[in-house]
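S.K.: Have a look at this prediction, sequence included:
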Amino acid sequence: MLDPEVSLLLDCAHWSGLLEHQVQVELSDRFNRQTDPLLEQHINQTEDGGGTSQKTSQPKHHPGSVLTLRLGLTCYKDYLGTNWSGEVADLRCRGQEEFGDPLALLAQPLGVGAVLCTCDGQVVFIRRSQKVAEARGLLDIPGGHPEPKAVCERLGEAAGKDQISLVMMEQRPDAVVSELFSSICAEIRDEVNIPWSSLGAPVLMGIALNHTSAGRPSLEFYISCSLSSDEVRTLYWKGGAEANESTDVVFLSTTEVMQLNRSSPLWSEMCPSAKGAMLLYQVVKPGEPSKPNREER
């Protein structure tokens, strides 16, 4: 099922999803976006809206792990000035011509999202507020992005408010992987008000690309919840730290989610990140009995 707004860069169907110990990262400034004076001048004229985030490059397989993600650093301002630029088509052409990569000049911040499934078989969606910057009023899944600053804080780095130690993170890639997996639980806690203790271990289903923001990548996870849909609804309406980002909570059964497609009435109400997660859920089918893993034979 093709959708112009979203595509899948990677699915982990062979393993029915990947756990944290099966993922590695290769972090380096070699994977940062390429720059030039004119582009930087344009970005500096962009209104800044946030802090630093992680940029992703092409994932690859690596000995000793199932998947290695190549990551650099970027920020929200660069995201607005490249992926959301009115000149993004030109930036992609220049990236291909000058660097052999249409994404070379784009920020490509790495997002995270979750198919959150309650104990009574309901998948949790939230209705985005009309006041948020992207996908206003559309159905979404809980999500956001990893925080490099959180990695430095976890490692005890005495950094200033906006300082990120790339050197320290390069020395501790395990802490970066931990942030990739834990950040989605933090987003669920803040957006849906579900306590961390009620969430199962995140299972990485794959990577989806949002083509409404020039192919921005997002890690999409499956997470089980020990609470019922009624309990989740009650907690949601009590309000979490980021309750202002959504206006309602909506539930679909796992059966309904498996049957979603472009002809479904709800499909047009979903933002690209939710669509990507649904496509991955339908392909990976997490929660089913595990398929044989070639590396474990």
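M.R.: Sure thing, it's come through.
S.K.: show me what contacts P142?
M.R.: Applying Cβ atoms under 8 Å, 6 or more residues apart in numbering to P142 gives the contacts 113-114, 116, 124, 126, 184, 187-188, 191-192. Yep, even glycine has a C-beta here, placed from its N, CA and C like the rest.
S.K.: do that again at 10 Å, thanks
M.R.: Shown in contact with P142 (Cβ atoms under 10 Å, 6 or more residues apart in numbering): 112-116, 124-126, 184-192, 194, 221, 223, 240, 242, 245-246, 249, 274, 277.
S.K.: Over to E5?
M.R.: Applying Cβ under 10 Å, 6+ apart as the definition, the contact partners of E5 turn out to be 209-213, 270-273, 275-276.
S.K.: Can I take it that L209 is in a strand?
M.R.: Yes: the secondary structure assignment for L209 places it in a strand, going by DSSP: H, G, I helix; E, B strand; the rest coil.
S.K.: Could you find the closest non-adjacent residue to it?
M.R.: Closest residue to L209 apart from its sequence neighbours, by Cβ to Cβ, 6 or more residues apart in numbering: G215 at 4.6 Å.
S.K.: circling back: inside strands: which ones of the contacts of P142?
M.R.: Restricting these to those inside strands, with DSSP state E as the criterion, leaves 112-116, 124-126, 221, 223, 246, 249.
S.K.: which of those lies closest to D3?
M.R.: Proximity of the ones in strands among the contacts of P142 to D3, judged by Cβ to Cβ, is greatest for G113, which lies at 15.7 Å.
S.K.: tell me the centre residue of the chain?
M.R.: V112 (1.9 Å; Cα atoms, centre = their mean).
S.K.: Quickly note the distance from the nearest residue to it once chain neighbours are set aside to I223.
M.R.: For V112, ignoring the flanking residues on the chain, the nearest one in space by Cβ to Cβ, 6+ apart is I184 at 4.4 Å. Going from I184 to I223 by Cβ to Cβ, to the nearest Å gives 7 Å.
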